[in-house]
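Engineer: The sequence isn't on hand, but the structure is:
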Ligand SMILES: Nc1ncnc2c1ncn2[C@@H]1O[C@H](COP(=O)(O)OP(=O)(O)OP(=O)(O)O)[C@@H](O)[C@H]1O
Ligand SMILES: Nc1ncnc2c1ncn2[C@@H]1O[C@H](COP(=O)(O)OP(=O)(O)OP(=O)(O)O)[C@@H](O)[C@H]1O
Ligand SMILES: [Mg+2]
Ligand SMILES: [Mg+2]
């Protein structure tokens, strides 16, 4: 009978991005279960100044908690400090704990993109890869750049970044072109399952080199999981974005209701989903839960 | 309308000092056939194409210019080109459509709902998609005509609206996902499927591979399985639009509407009707591209077609269309799309550091356009 | 030039039937002062602004219209608006600059290199940034003028080139990262810092908070710490450009160059010079925005300014600029930017699901522009 | 007045005028361009519309040809009240106009401009196409008849000389014919030969039984072909005169709006 | 010929012509617009440039005023060879031109068009600004003098009538003056009073010792003010005649290009 609890989630990903849609889904499910009011704010493109503005706008509404992603600690530290100064509880999500701590947020839910990259790189190296391309659909997005950098570090062998755009036909053509012009490439890692991962599998298939070129991808999509199940792709890197949305809402709701809050960071990833588990995940993935 | 026949009386009054009609006028310089040919706006764009191809012939790996490599480049070029030629038509008619990129996502959604949710047969689903797209195009056109706002701002609003509706619609239709799947399964059994997905001339290519005319894979199948169906559509649509533009009444009206809408209206051209039809046409071409890419990829998502409106305008402008309307050609946009495709895919065949990708893309586009333009100006003597 | 003084002889020959000069001409209808006021293109955009504010007053949470909430909206509006007003100037002059978005990233890089790598003092670093940006602008302008290509395609090439160079440069300068940090530390001690970052009128706001004229935080400091410095720049630049456009020689030349470049040239207007200066001006305004946002955020990255070129054109068009040149106003672009800012930030104060964001954005823009336009047409009787 | 009825194209009804307007007003915002104008156009008659610069002649004929909608007033075609939503309506009602700004598309060729809006086609749908061969032929011939020898019917209209362009517009209007032909200063940019040709055209067209409205500032031209004269001044009708009611000098004085002109004229040896 | 030298503005040198061109050619791609044209403009003299439509008159004067660069030929100003890179050079050399297409910006106000390129300023930098008050005044006065009573000097030029617009261009060129004034069919759209005013202007300007090139299709106008006549035909000079060498009828025949015109003319009662 008291005032409804309001929590605001500010996420740097666009509303149409399938990965960030899962975060949103998790957050919304938690809000429903906890009976609180949740609002999600997303900038139209990867734009740190707009992100800062959205955070400030969120602070102005004096919610009971703010959840934010932190792709650029410097750019967002101002508004985050302002929110903290007003005594609004905050949780960082989707990023590395060190970043969150740097700007003064004590609780982080998520994965360090760089370490996720390293894990993927190691796995691909273990599969026998020597020469890789990292297919990046949004060059300049520092979270994605971190994944490629981490991958290169973990992989050890040579890694080249292939910039593409959000168009499957163009992405596929570019991957085919690269593979054809340098036949020694034996590894393709995609930073996005829908646009890059699935098309990479198809490109390799069209070239008749399935099995000779290993494909893997960050994040999940039903199609990519199917490929993993079929053995045409090696694995997908899962960081459980659903939890990255779900848990912070849960925590902040508890904080608002009872003053409860966990004491430390929670790592939601990285975990690699391989052939054996892929089948079970597909159904969930097509509902935007995995 | 009764045509006034003043021939008998007036012919005697023809000005006496006009020289007898001769095929040679002393006020014209002799020009060679090549110059006459190059004076056509269509052909200016070939210069840039040759330049770009020459650049990659030197810098890129040889595999770029294999049959297979060419098909890889042509497929995205064609998907872009189908909307670029209709966008060029609209630009000649003096208007813009910035909503075509979003329309690709929106039409993909409509197509998915019709095919997968309503289990319509493929043909009907495609028809429904085209009809819905056409209605949105007509709405665009009507708003532009009635409010007399620049089409830039009106279609920009629809860029946002359609993109947003695609997202909302997809999540509603799929129960929360931004991706819709299952197109392959739903369209498997239709006789129309080969018209919208896969490759054409597969038999011919297999025959050629068997006879070692073209490269074959280790298993004996051809390296290039055929001509992607989008390329076939692209060629057919370009031919149809070129014919329409240069030979038909409607084509003349398009040039007139874009050149000076007021003058055209005062001369009795139904400018508003022409523009509405053009908006419908662009929207439908975006819907066709949506169908082709969705059938190609087997899925659609809310980000489909992002920036395609922009690239279509780029292709049309490379091909010599004026942004101010009244001038341009479909063949120019055809070559413009191919130039854009070659430049954006071709760099993957070279050894340049991929960080430099955008720098190269920009520089190559600029050089190609300057070259096109310079060539045309030099040849026509226009200054 | 010697002015021919034909007054004495000619005045007697003034056509006899012209009525004695009276302030009232029977061929003019009486018009009220409001109508006269509304006839100015600047003021058309106010209608849309009022409409948008009314919409949010009804639907948004009350915190949107607190002082603090307004500052949150004005800051991004101002960052957009600074480039929008110069882009409007360029549009009036008949050209486009699509490279301003990328220029923000590129200028940020230059600024970073000057300030952080070369340890230049803040003033010099800003100067260096403006000079480099100005040179790029001049290059844009010269290419447009010399090749006579549409500026759309030329600056589009620079959109790619500058974006690519920013990426390459950032990676080189930082040793592989696409983000550059440390601007705060490097600029801390400069006397110029308050001119480019933080808030203006902080003292006034503190005083007002202390006297409970404005809201204060629990610790007694004002909820809104002041007017963001970008807003101050925005207002000053809009005022300066409006003055330039309406009162100076150069302003007249801008209208003339955009209205009809040939006619202007034939009347002795140095059209090429005017256009070059305008390109330099837009590039410099982008550089200023880069400095302001970088100082504000303390970091820069390769994606900064993405789509800003687009939004600047939107703001200018909402404000009544014609894409074809020769018509528009800086004040219109001023209000256009604020409308755009209110709509894009304002939706986050409402309860609409963020999936619907783009649908609303598009619809609001369209309604605002239709309203602006309808109002102006009704008032001026233009049809 | 001699109404030469050529057999085969009789006017619908010799008594009802082709066009009649009464008390037409037209405002542009706060500008009053027409403050109540009336006139009558009959079949087989040339009505000269005369008046000073800015008197409202062009605005008036744009109203007749559907470009502008009148703010108020009565507009009858063949005795029936009509409302034209656009120029196409007027064309369909048989009113063809040569506008003062000519309504040409500079970037398009002479041929395409000539046939714009009424392209002759050949072939069956879907292969129906414009018969450009014939178009080029007709254009070349019609232009030669009016006194212009175009180098190349595919030349862009924007590169024609002012007079050549005007000839295209006139030749077009005459070629396609109509019930009423409106000519807004058709001879302003024309050479001597072309001008005399246009005046001949007017006589021919009139002899066919069409109605003609002819706007000019040249009193000699007006007097040579006109049957009646309507004079406008500052948006109002000053009066309408039949040819036998008025002398050329008086007409000239009316057009210039005052007797003091005489002085000017003598000053310049009666050359105006 | 009477060269009235007004004290204070003597021509630089009465012997060297202000402008002299020899054998100028101009091609546009494959179109030959001028195939070798020569003429001479002297101070205090009105040169009438006559010729059929499409003869190349406008192309020629555009070459003189820096709009086009000649393809070949000699171009002397004050006896010295000159090359104009653009119209601004010509204006600076004292050549002011009223173009056939008027060079007006339709969306801009009458005042702004009038002073375009030569705005009078007041105040100190950085507050130097155009003195619009004065501009409006001058515009209104100059337009009244030529015979146009503009409602509102802030009206957009695009909404003026054809004749009003032409008057703005002429008034502008005369107001700013120059050494040489070029008028390309300045009276084509003008009313009777305005035309006589322009002819008076020409006489006045000539009396000041300026050189004038006057293009017209009206032989009466040409004969009224011209001192010598250069006739062009199909891109070539047909000849130059002083006023005392040629009669009006002969000139008219030359302009129309043949004697058969006489028939036409009589046909229309000598009105052309
Ligand atoms: N769209 C418009 N807006 C405002 N005023 C206009 C508009 N159109 C015309 N006018 C005004 O109406 C008056 C009549 O113009 P109109 O063109 O009809 O004159 P006209 O008689 O044809 O003159 P001319 O002989 O010079 O061609 C002019 O004073 C003009 O300034
Ligand atoms: N840019 C151009 N390109 C091609 N041809 C041109 C161009 N400009 C002019 N011409 C041609 O040159 C010829 C001369 O044109 P110009 O305008 O000089 O004639 P004019 O003597 O002024 O005629 P008018 O009396 O009709 O104004 C015309 O036949 C015209 O078609
Ligand atoms: Mg008129
Ligand atoms: Mg001419």
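Structural biologist: Received it, and whenever you're ready, just let me know what you need. All values derive from a computational prediction rather than experimental measurement. Ligands and ions are numbered 1, 2, ... in the order given.
Engineer: Neighbours of the closest residue to ligand 3 within chain B, how many?
Structural biologist: In chain B, the residue found nearest to ligand 3 is residue B:266; the distance is 14.1 Å by Cβ to the ion. Where you see a C-beta, it was placed from the backbone N, CA and C, and this is true even at glycine. Residue neighbour count, defined by other Cβ atoms under 10 Å in any protein chain shown, stands at 27 for residue B:266.
Engineer: who are the neighbours in contact with it?
Structural biologist: Applying Cβ atoms under 8 Å, 6 or more residues apart in numbering or on different chains, one finds that residue B:266 lies in contact with D:65, D:67, D:87, D:97, D:99, D:103.
Engineer: Looking at those, which is nearest residue B:357?
Structural biologist: Nearest to residue B:357 among those: residue D:103, at 48.8 Å, using Cβ to Cβ.
Engineer: if we can go back for a sec, quick one: which of the contacts of residue B:266 sit in helices?
Structural biologist: Using DSSP state H, residue D:87 are the members of these that sit in helices.
Engineer: how about the contacts of residue B:266 in CSV, adding neighbour count?
Structural biologist: Listed next are the contacts of residue B:266 as CSV, based on neighbours: other Cβ atoms under 10 Å in any protein chain shown:
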residue, neighbour count
D:65, 26
D:67, 20
D:87, 25
D:97, 27
D:99, 25
D:103, 27
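Engineer: In strands only, show me the contacts of residue B:266.
Structural biologist: With strands identified by DSSP state E, the entries of the contacts of residue B:266 that belong to them are residue D:97.
Engineer: Generate a markdown table for the contacts of residue B:266, with distance to chain E and pLDDT as supplementary columns.
Structural biologist: Compiled in a markdown table, the contacts of residue B:266 are given as follows (distance: Cβ to the nearest Cβ, whole Å; pLDDT from 0 to 100):
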| residue | distance to chain E | pLDDT |
| --- | --- | --- |
| D:65 | 16 | 93 |
| D:67 | 14 | 94 |
| D:87 | 18 | 92 |
| D:97 | 15 | 94 |
| D:99 | 10 | 94 |
| D:103 | 13 | 90 |
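Engineer: is any part of stretch D:80-90 close to chain C?
Structural biologist: No - Stretch D:80-90 lies apart from chain C when judged by Cβ under 8 Å from any Cβ of the partner chain; the minimum separation is 12.5 Å.
Engineer: Just the endpoints, please. Distance across that stretch?
Structural biologist: Using Cα to Cα, to the nearest Å, one end of stretch D:80-90 lies 14 Å from the other.
Engineer: follow-up on the earlier one: nearest to residue B:277, out of the contacts of residue B:266: which one, please.
Structural biologist: Nearest to residue B:277, judged by Cβ to Cβ, of the contacts of residue B:266 is residue D:87 at 19.3 Å.
Engineer: The closest one: what's it in contact with?
Structural biologist: If you count contacts by Cβ under 8 Å, 6+ apart, residue D:87 has them with B:265-268, D:65-67, D:97.
Engineer: how about the residues you listed in JSON lines, adding distance to ligand 1?
Structural biologist: Rendered in JSON lines, the data for the contacts of residue D:87 read as follows (distance: Cβ to the nearest ligand atom, whole Å):
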{"residue": "B:265", "distance to ligand 1": "15"}
{"residue": "B:266", "distance to ligand 1": "14"}
{"residue": "B:267", "distance to ligand 1": "19"}
{"residue": "B:268", "distance to ligand 1": "21"}
{"residue": "D:65", "distance to ligand 1": "13"}
{"residue": "D:66", "distance to ligand 1": "15"}
{"residue": "D:67", "distance to ligand 1": "10"}
{"residue": "D:97", "distance to ligand 1": "13"}
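Engineer: How about the residues of chain D by ligand 1?
Structural biologist: Counting by Cβ under 6 Å from any ligand atom, chain D comes close to ligand 1 at D:28, D:31, D:33, D:51, D:53-59, D:100.
Engineer: near ligand 2 too, which of these?
Structural biologist: Residues of these in contact with ligand 2 (Cβ under 6 Å from any ligand atom): none.
Engineer: The residue nearest in space to the middle of chain D bridge partners, please.
Structural biologist: Among the residues of chain D, the smallest C-alpha distance to the mean C-alpha position (Cα atoms, centre = their mean) belongs to residue D:183, namely 1.3 Å. Taking DSSP bridges, one finds residue D:98, residue D:214 as the beta-bridge partners of residue D:183.
Engineer: now it: how far from chain C?
Structural biologist: Distance, residue D:183 to chain C, by Cβ to the nearest Cβ, to the nearest Å: 25 Å.
Engineer: That residue against residue D:212, yeah?
Structural biologist: Yes - using Cβ atoms under 8 Å, residue D:183 and residue D:212 qualify as a contacting pair, with a distance of 7.0 Å.
Engineer: which residues are common contacts for the two?
Structural biologist: residue D:202.
Engineer: out of the residues of chain D next to ligand 1, which are inside strands?
Structural biologist: In strands, judged by DSSP E, the following of the residues of chain D next to ligand 1 are found: D:28, D:31, D:33, D:51.
Engineer: Quick one: those residues as CSV, columns for pLDDT too.
Structural biologist: Putting these into CSV (pLDDT from 0 to 100) gives the following:
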residue, pLDDT
D:28, 87
D:31, 86
D:33, 91
D:51, 90
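Engineer: and the stretch 201-350 of chain B, which of its residues are near chain C?
Structural biologist: When proximity is defined by Cβ under 8 Å from any Cβ, the stretch 201-350 of chain B lies next to chain C at B:313-314, B:317-318, B:322-324.
Engineer: Out of the residues you listed, grab the one that's most surrounded.
Structural biologist: Within those, neighbour counts (other Cβ under 10 Å) peak at residue B:318, which reaches 30 neighbours.
Engineer: Test my guess that that one contacts residue B:47.
Structural biologist: No - applying Cβ under 8 Å, one finds residue B:318 not in contact with residue B:47, separated by 10.9 Å.
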